[in-house]
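Student: Just to be clear, the model below is a prediction. Sequence and coordinates:
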Amino acid sequence: MMGMETALKKLSNRENLSAQLAYDSMTEIMSGEASEISMAAFLTALRLKGETIEEIYGTSKVMREKALKVECASENLVDTCGTGGDGAHTFNISTTAMFVAASNGVKIAKHGNRSITSKSGAADVLEALGVEIALTPEAIGKCIDQVGLGFMFAPHFHASMKYAMPVRKALGFKTIFNILGPLANPAAAPRQLIGVYDKSLVPVAAEVLNRHQAVHAIIVHGSDGLDEITLTGPSYAAELKDGKVTEFVIHPEDYGFALCTREDLVGGTPQENARITRDILAGGQGPKADIVILNAGAAIYIGGKAASLQEGIGMARATVREKKALKVLNEFIAVTGKGI
């Protein structure tokens, strides 16, 4: 129990933890050795102090090691995943965008969950669309190779999280776990588009992925608080490429989009969001389709199928117009339902 004890002493003095100490403390949490009181104190103290690159790297390493692994033949896997917790109640933007990216040859290994703060998480909307989400790691690997995308339902892959769940629920505020989900992809996707709920996490998450040897990643936070590239104004971004992190701002108008309001992007129940996803993939137009094209364009660029964000967006636009992504969705539903 030394790790947690030492960590709590340091945190009570607002001292930062080394990656090793953060790793040791998280190991105690995820192996059921830490008491709920220690866990609550650890998560709260980290949150109040503000989590550092070292702390997030150390704790995310534990989550990666303890996760059930997905293996597939496909290389250059891309994950499109947000931290959630933005409280925006939008429709499922990154889940819809993954079908558009996959129809451009990007191999998607999406890691997601049921809703925690909204009405509909990635798992909820996929189920409403008719996708079977309770697949084995082997089946998901085959699905990625066959259809070009797979969905990994987080609770099935992070069983050790069960020790922290009651404490997370009882605390009721965001903790380091909100950041760790997107950093612990079970298929070890080396390319990622990650949306975060806090602007300060943009460069931090990029540096953590750099330590995890990610190949190409873009971390984003909308100026409206969205954990996606937003369409209501600029988005803050950090791109990790060739071991270097570059911060920049994405202005939708520069890519030919009209700005919209937050209300334009609001979703509803999983059933309503499933209908929105289908409508967009069937050639829909308007702000909801535009924000999907914008985010899918980034995933296409990260996946190495486009030389720039601009080119990726152009490819995503054509895909939606030609209804190609709808075919991928229907194939995904058919393949997962067969119990591969």
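Tutor: Nice, I can see it. Residues are numbered from 1 along each chain as shown.
Student: Now do residue 103 against residue 223, distance only.
Tutor: Noted for residue 103: a distance of 29 Å to residue 223, by CB to CB, to the nearest Å. Just so you know, the C-beta spots here come from the backbone N, C-alpha and C atoms, and that holds for glycine as well.
Student: mind listing what residue 16 touches?
Tutor: By CB atoms under 8 Å, 6 or more residues apart in numbering, the contact set of residue 16 is 10, 49, 52, 54-55.
Student: hmm, back to that, please identify which of residue 103 and residue 223 sits among more neighbours.
Tutor: Shown here are residue 103 and residue 223; by other CB atoms under 10 Å, residue 103 has more neighbours (27 against 14).
Student: helix/strand/coil for the residue nearest the centre of the chain?
Tutor: The centroid of the chain falls nearest to residue 81 when counting by CA atoms, centre = their mean (1.6 Å). Following DSSP: H, G, I helix; E, B strand; the rest coil, the label given to residue 81 is strand.
Student: Check what pLDDT the nearest residue to it once chain neighbours are set aside gets.
Tutor: Spatial nearest neighbour of residue 81, chain neighbours left out: residue 182 (4.3 Å); criterion: CB to CB, 6 or more residues apart in numbering. Looking at residue 182, its pLDDT is 92.
Student: State the distance from residue 292 to residue 176.
Tutor: 30 Å.
Student: Between these two, point out the one with more neighbours.
Tutor: Per other CB under 10 Å, whichever of residue 292 and residue 176 has more neighbours is residue 292, with 31 against 18.
Student: before we move on, the earlier item: these two touch, right, the residue nearest to residue 81 and residue 189?
Tutor: No: here residue 182 lies out of contact with residue 189, judged by CB atoms under 8 Å, at a distance of 10.1 Å.
Student: which residues are in contact with both of these two?
Tutor: 79, 111.
Student: sorry, back to before: need the contacts of residue 16 in TSV with distance to residue 61, can you?
Tutor: What follows is the contacts of residue 16, written out as TSV (distance: CB to CB, whole Å):
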residue	distance to residue 61
10	19
49	20
52	14
54	11
55	11
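Student: What ranges does the stretch 151-300 of the chain have for its strands?
Tutor: With DSSP state E, counting those that start in this stretch, the ranges of strands along the stretch 151-300 of the chain come out as 191-195, 216-222, 235-241, 244-250.
Student: Run through the neighbouring helices and strands of the first one.
Tutor: Applying 3 or more CB pairs under 8 Å, 6 or more residues apart in numbering; DSSP states H and E, one finds that strand 191-195 contacts strand 78-82, helix 201-211, strand 216-222, helix 287-302.
Student: Pick the most deeply packed of those.
Tutor: Greatest average neighbour count among these goes to strand 78-82 (a mean of 29), per mean count of other CB atoms under 10 Å.
Student: pLDDT on it, on average?
Tutor: Here the average pLDDT along strand 78-82 is 92.
Student: got a list of what the residue nearest to residue 81 touches?
Tutor: The contact partners of residue 182, by CB under 8 Å, 6+ apart, come to 79, 81-83, 111, 192, 194, 196, 205.
Student: redo that, cut-off 10 Å
Tutor: Residue 182 makes contacts with 60, 79-84, 111-112, 192-196, 205, 209, 217, 219, 227, as judged by CB atoms under 10 Å, 6 or more residues apart in numbering.
Student: ok, now residue 315?
Tutor: Counting by CB under 10 Å, 6+ apart, residue 315 has contacts 100-101, 103-106, 293, 296-297, 300-301, 305-306.
Student: Low-confidence ranges, the stretch 101-250 of the chain, go.
Tutor: Across the stretch 101-250 of the chain, residues meeting the criterion (pLDDT under 70) sit at 116-118.
Student: repeat that with 80
Tutor: Low-confidence segments of the stretch 101-250 of the chain (pLDDT under 80): 115-119.
Student: Would you map the helices across it?
Tutor: For the stretch 101-250 of the chain, the helices defined by DSSP state H, counting those that start in this stretch cover 122-129, 137-147, 154-157, 165-171, 176-180, 201-211.
Student: Can you tell me what sits against the shortest one?
Tutor: Spelled out, it's helix 154-157. Contacts of helix 154-157 (CB under 10 Å, 6+ apart): 63, 66-70, 81, 111-114, 121-123, 133-137, 140, 161-162, 165, 181, 184-187.
Student: What residues of it count as buried?
Tutor: 154, 156-157 (16 or more other CB atoms under 10 Å).
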